[in-house]
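**Student:** Sequence first, predicted model second:
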Amino acid sequence: MLPGAVIGWDMAAALALGDALGVPPLATAELLPVIEAVMVAKLNEQMDHPRG
């Protein structure tokens, strides 16, 4: 664990979100690693450089 850092998403939650949005589970599983990598990087970047 890294204190104060995002390292990934909960896969069950991501699949549930995809399902709620009407995205087939196979497509969600295929796309998730790319989307997750970008989102984790951006979230950590925002935590390193908070706006205010």
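**Tutor:** All right, it came through fine.

**Student:** Identify the residues contacting the one helix or strand in the chain whose mean pLDDT sits lowest?
**Tutor:** Sorting the helices and strands of the chain by mean pLDDT, DSSP states H and E puts helix 25-48 at the bottom, at a mean of 86. When contacts are taken as C-beta atoms under 8 Å, 6 or more residues apart in numbering, the neighbours of helix 25-48 outside the stretch itself are 4-9, 11, 14-15, 18-19, 23. To be clear about C-beta, it is placed using only N, CA and C from the backbone, and glycine gets the same treatment.

**Student:** Report the separation between the residue most central in space within the chain and Gly18.
**Tutor:** The residue lying closest to the centre of the chain (C-alpha atoms, centre = their mean) is Glu36, at 3.8 Å. Separation of Glu36 from Gly18 (C-beta to C-beta, to the nearest Å): 12 Å.

**Student:** just to revisit the earlier point, now rank the contacts of helix 25-48 by neighbours and give me the top one.
**Tutor:** Using other C-beta atoms under 10 Å as the neighbour criterion, Gly18 leads those with 19 neighbours.
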